[in-house]
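# pasting a predicted model and its sequence here:
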There are 2 protein chains.
Amino acid sequence: MRVVCLAGGVGGAKLADGLQQTLAPGELTVIANTGDDLERHSLAIWPDYDTVLYTLAGIAEPGQGWGIAGETWQVMGQLARLGEETWFRLGDKDIATHLYRTARLRDGARPTEIALDMSRALGVPSRVLPMADQPVRTRVRTDDGWLDFQDYFVRLRQAPDVREVRFAGIESASLTPECRDAIRSAETIVIAPSNPIVSIGPILAVPGLLAEILAARSRGVPAVGVSGIVGGKALRGPADRMMSALGEESSALGVARRYAAQQLLDVFLIDHQDDDLEEPIKALGPDVVVTDTIMPNASSRARLAGEMLDAAAVSSARRGPAPDPESGLRP
Amino acid sequence: MRVVCLAGGVGGAKLADGLQQTLAPGELTVIANTGDDLERHSLAIWPDYDTVLYTLAGIAEPGQGWGIAGETWQVMGQLARLGEETWFRLGDKDIATHLYRTARLRDGARPTEIALDMSRALGVPSRVLPMADQPVRTRVRTDDGWLDFQDYFVRLRQAPDVREVRFAGIESASLTPECRDAIRSAETIVIAPSNPIVSIGPILAVPGLLAEILAARSRGVPAVGVSGIVGGKALRGPADRMMSALGEESSALGVARRYAAQQLLDVFLIDHQDDDLEEPIKALGPDVVVTDTIMPNASSRARLAGEMLDAAAVSSARRGPAPDPESGLRP
């Protein structure tokens, strides 16, 4: 069962881990958000990507949601001594990732090529692909003006309200051959419980990527999502407040509305806490499965991943292929 | 007493430390070799410079002659895991230096400006200046062809014989305002016991630098050197074998001959082991002081530095100003 999973950081990494546990080696391809990438201390840093990579390599720090387990902080300590701002914390092993990547980029390697080499070196049995080889930078407008994403996310701890979101460079980005081939050969498309605006949003905005997914759906490949907002609150991060501030509903319904508007969903999983949203979401088009969507440990990741794949299979069998996106809107 | 010291790595750092102990804060300016700089893992690394900087900051690893005391090796370990070659070893704190510098360079800062900021941040009471702001790269020709300096020096552990030395980029380098001002206001010029070919050689090859030193000498500023080759053997590194392979005498006399040929020396210090060379060196022009030139500890560094400054003063009083370099060769 070949699966493509669209993923941001922590929630995406957890679900990807569940999928990797569930599938045979090589069956999972994750397309990771790179809109939150940044350059700091001369290093090319891919925060969401690395969270997925480290999680699938089994070396992720289990508690904090970023970085490598058992990290030390010698480099940061010395950078602070040299007068550098260290609000974007980087562990010593983590820095090796960024050094490796930065050196390869400067040598002219494609991000995707670097990513695949790193996955192999770390023994990851899945493919973790950057969403594009061109730089895309998510920026958010607050009442104090436009901010780089990590400036908002890490330095300001997501305190300001977000009035507008832009993916700078997205119009120059293009679907990579690797992402295209993965979607074309996928048997199920999975959308992780990541922030729909700033994690899944940039991936779907890569020119050509959504069209490939819709083309897959028209061939009968089911697409299944799960809400990262439970009981009106984001499991992690600012998705709930961001949706409210942008005039959307901060709930599983709001998330489903976003994806349904892009004709992305055959079936959507929501938490028991949100069972009152089952009918309103069904009214948008997708099937709905109500289950336990929170993933506190490895086995719950595998269980949720399995339930998503099962739900996709059931939905696919029941519905048949989606209409060709070229032939007009879905009824 | 304002002193300018030309220095390479370990020997230069030790003598600079002795000078810093001896002089009042702010009186010492070190002009450090940057011909051995390299770029690895995307980082701008200045090995000789950093050895001097760390030594004068009191944070140098005391035994091995490079790096910071009490280093950890997390970054290197992870780089190895990613498949990178790690023959050029970089400790975690040391990497912070290179990250800071690389980021500043990419932001367009001048190397000298970065260097002065780093010295200040580390509380160094002296000025440690790179010999130039333009990249200069020492390359050596061996029987297997041309090699980058650190390839020869670290990776191949100086095993091949050196047939020829070049300072790539030297013709595009220029004397920095900071080096020029330091030499113009110096009251003594000191040449450290560093490798005369690949440590002091590149510094003297920076267009305009030797001329400034000779102009200072013609104003009566004494120049004093000390041999880094004792008993025919380099105290550290390959200077002895390098000089032999290049057809020069691998001894304090060979070193003195190099500097005397550039009219650089008023007085030269040699070790007791080499007292048979006193007369041959005197015949080249400079005064000679025979003393204990080996610096096994902090107090011996200060003692040798003090003896050099004293010898320079004595020589200066005895000789008066050197002839103007414009007016022809020295008698």
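Ah, there it is. Numbering: from 1, shown residues only, chains lettered A, B, ... in the order given.
# quick one: the strands in the stretch 101-250 of chain A, in order.
A:127-130, A:137-142, A:145-148, A:164-168, A:188-191, A:223-226, A:229-230, A:233-234 (DSSP state E, counting those that start in this stretch).
# chain center to the longest helix anywhere in chain A, what's the gap?
When chain A is parsed with DSSP state H, its longest helix is helix A:298-319. How far helix A:298-319 lies from its chain's middle: 18 Å, per CA atoms, centre = their mean, to the nearest Å.
# so what's residue A:228 up against?
For residue A:228, the contact set (CB atoms under 8 Å, 6 or more residues apart in numbering or on different chains) comprises A:11, A:192-196, A:234-236, A:239, A:255. For every residue, glycine as well, the C-beta is placed using N, CA and C.
# and those near chain B, which?
For chain B, no contacts are drawn from the contacts of residue A:228 by CB under 8 Å from any CB of the partner chain.
# PyMOL command to pick out the buried ones of those residues?
Only the buried entries of those go into this PyMOL selection, using 16 or more other CB atoms under 10 Å in any protein chain shown:
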select buried, chain A and resi 11+192+193+194+195+196+234+235+236+239+255
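# the contacts of residue A:228 into TSV, with extra columns for distance to residue A:133 and pLDDT?
Shown next, in TSV, are those (distance: CB to CB, whole Å; pLDDT from 0 to 100):
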residue	distance to residue A:133	pLDDT
A:11	25	93
A:192	21	98
A:193	26	97
A:194	21	95
A:195	23	95
A:196	24	96
A:234	30	91
A:235	30	87
A:236	28	86
A:239	27	90
A:255	28	97
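# residue B:107: which of the contacts of residue A:228 is nearest?
Of all the contacts of residue A:228, residue B:107 sits closest to residue A:195, with 30.9 Å by CB to CB.
# my guess is that closest one contacts residue A:10, does it?
No - contact criterion CB atoms under 8 Å: residue A:195 and residue A:10 do not qualify, at 9.8 Å.
# joint contacts of those two?
With CB under 8 Å, 6+ apart, residue A:195 and residue A:10 have common neighbours residue A:237.
# pull out the buried positions in stretch A:292-306.
Within stretch A:292-306, the residues that count as buried by 16+ other CB under 10 Å are A:293, A:295, A:301-305.
# from the middle of its chain, how far away would that stretch be?
17 Å.
# same check on stretch A:144-163?
19 Å.
# render the CA-only coordinates of it in CSV, please.
Extracted C-alpha coordinates of stretch A:144-163, given in CSV (Å, rounded to 0.1, in the frame of the first residue of the first chain):
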residue,chain,number,x,y,z
ASP,A,144,3.1,45.4,13.8
GLY,A,145,3.6,44.4,10.1
TRP,A,146,5.0,41.5,8.2
LEU,A,147,7.2,38.9,10.1
ASP,A,148,9.2,36.0,9.0
PHE,A,149,7.5,32.8,10.2
GLN,A,150,10.0,31.7,12.8
ASP,A,151,10.2,35.3,14.1
TYR,A,152,6.5,35.0,14.8
PHE,A,153,6.5,31.3,15.8
VAL,A,154,9.6,31.0,18.0
ARG,A,155,10.9,34.4,18.9
LEU,A,156,7.4,36.0,19.6
ARG,A,157,6.0,32.6,20.7
GLN,A,158,3.0,33.1,18.4
ALA,A,159,1.7,35.9,20.6
PRO,A,160,0.6,38.4,17.9
ASP,A,161,-2.6,37.8,16.0
VAL,A,162,-2.1,36.9,12.4
ARG,A,163,-4.0,39.0,9.9
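# quick one: is that stretch near chain B?
No - Stretch A:144-163 lies apart from chain B when judged by CB under 8 Å from any CB; the minimum separation is 15.5 Å.
# tell me the mean pLDDT for that stretch?
For stretch A:144-163, mean pLDDT is 92.
# give the buried residues for that stretch.
A:147-154, A:158, A:160, A:162.
# picking that back up, which one of the strands of the stretch 101-250 of chain A is the most hemmed in?
strand A:223-226 (a mean of 28; mean count of other CB atoms under 10 Å in any protein chain shown).
# which helices and strands sit right next to it?
Packed against strand A:223-226, as judged by 3 or more CB pairs under 8 Å, 6 or more residues apart in numbering or on different chains; DSSP states H and E, are the following elements: strand A:188-191, helix A:209-218, helix A:252-261, strand A:267-271, helix A:298-319.
# let's see it at 10 Å
strand A:3-7, strand A:188-191, helix A:209-218, helix A:252-261, strand A:267-271, strand A:287-291, helix A:298-319 (3 or more CB pairs under 10 Å, 6 or more residues apart in numbering or on different chains; DSSP states H and E).
# that strand: how far from the chain's middle?
Taking CA atoms, centre = their mean, one finds strand A:223-226 lying 12 Å from the centre of the chain it belongs to.
# what lines up beside it in the sheet?
Looking at strand A:223-226 with DSSP bridges, its partner strands are strand A:188-191 (parallel), strand A:267-271 (parallel).
# just the CA atoms of that strand, as CSV, please.
Output in CSV follows, covering the C-alpha atoms of strand A:223-226 (Å, rounded to 0.1, in the frame of the first residue of the first chain):
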residue,chain,number,x,y,z
ALA,A,223,-7.7,11.1,0.3
VAL,A,224,-8.1,11.0,4.1
GLY,A,225,-7.5,13.8,6.6
VAL,A,226,-7.6,14.2,10.4
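# end to end on stretch A:161-180, go ahead and measure it.
Counting by CA to CA, to the nearest Å, you get 35 Å between the two ends of stretch A:161-180.
# dump the residue contacts of residue A:305.
A:3, A:5, A:14-23, A:28, A:190, A:192, A:226, A:295 (CB atoms under 10 Å, 6 or more residues apart in numbering or on different chains).
# kindly recompute the last result at 7 Å.
A:15, A:18-19, A:21-22 (CB atoms under 7 Å, 6 or more residues apart in numbering or on different chains).
# so which of these comes closest to chain B?
residue A:21 (22.9 Å; CB to the nearest CB).
# now for the strand or helix carrying that closest one, which elements pack on it?
Assigned by DSSP states H and E, residue A:21 belongs to helix A:10-22. Helices and strands touching helix A:10-22, by 3 or more CB pairs under 7 Å, 6 or more residues apart in numbering or on different chains; DSSP states H and E, are strand A:3-7, strand A:28-32, helix A:47-57, helix A:298-319.
# quick one: it to helix A:47-57, angle?
Note on geometry: by axes from the mean of the first three to the mean of the last three CA atoms, to 10 degrees, helix A:10-22 and helix A:47-57 are set 30 degrees apart in direction.
# how about the helices and strands packed on helix A:10-22 in TSV, adding mean pLDDT?
Below are the helices and strands packed on helix A:10-22 laid out as TSV (pLDDT from 0 to 100):
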stretch	mean pLDDT
strand A:3-7	98
strand A:28-32	98
helix A:47-57	97
helix A:298-319	94
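# still on that earlier bit, which of the strands paired with strand A:223-226 sits closest to residue B:107?
Using CB to CB, the nearest of the strands paired with strand A:223-226 to residue B:107 is strand A:188-191, at 38.7 Å.
# residue contacts, the residue lying closest to residue A:265 once chain neighbours are set aside?
Take residue A:265 and drop its neighbours on the chain: the residue closest to it by CB to CB, 6 or more residues apart in numbering or on different chains is residue A:286, 3.9 Å away. Shown in contact with residue A:286 (CB under 7 Å, 6+ apart): A:256, A:260, A:265-268.
# who wins for most neighbours among those residues?
residue A:268 (31 neighbours; other CB atoms under 10 Å in any protein chain shown).
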